[in-house]
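Engineer: Generate a structure from the sequence data that follows.
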Amino acid sequence: MKKPLKYSIWALLIIYLLTNYTPISYLLKEDYTYSNVDGSYTDSEEGGKGNTYETVIRRYATFLCRHPDKDTGDNHLYRTFTIKPWCIWEWHDMIFHSERFWLPYKRP
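Structural biologist: Numbering: from 1, shown residues only. Alright, predicted model coming up:
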């Protein structure tokens, strides 16, 4: 392996570790937003603190129980954030918490 390629791989690995497993990751986290098909329900995860994906799912289930008319037809939860694979600090979430990224996308 040539030295420039070897150094590039090491540099990428160090940047990944620093931006995903240190306090820096809490500063760089994005807020993930969600909505139902007609926009009557919206919620968000606050990056690094606050609401989690599981909290959003529980709140949406509660919303569907309280609004039975919304539980008919298209009752899927949609993500209203775009996936940005070039943001290396989000790779940990994309790999280990991928369920939020598998939701269908809907424009906000």
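Engineer: What segments of the chain are helices?
Structural biologist: Under the criterion DSSP state H, the chain carries helices at the ranges 3-20, 24-28, 53-66, 91-96.
Engineer: nearest to Asp38, of those?
Structural biologist: Closest approach to Asp38 among the helices of the chain (Cβ to Cβ): helix 53-66, 12.1 Å. All C-beta atoms are positioned from the backbone trio N, CA, C, and that covers glycine.
Engineer: Show me what counts as buried in the closest one.
Structural biologist: Within helix 53-66, the residues that count as buried by 16 or more other Cβ atoms under 10 Å are Val56, Tyr60, Phe63, Leu64.
Engineer: same question, stretch 41-56
Structural biologist: Residues of stretch 41-56 classed as buried under the neighbour-count rule (16+ other Cβ under 10 Å) are Tyr41, Asp43, Glu45, Gly47, Asn51, Val56.
Engineer: Kindly provide the distance from the residue lying closest to His76 once chain neighbours are set aside to Ile9.
Structural biologist: Counting by Cβ to Cβ, 6 or more residues apart in numbering, Pro104 is the residue found nearest to His76 once chain neighbours are left out, at 6.4 Å. With distances defined as Cβ to Cβ, to the nearest Å, the gap from Pro104 to Ile9 amounts to 34 Å.
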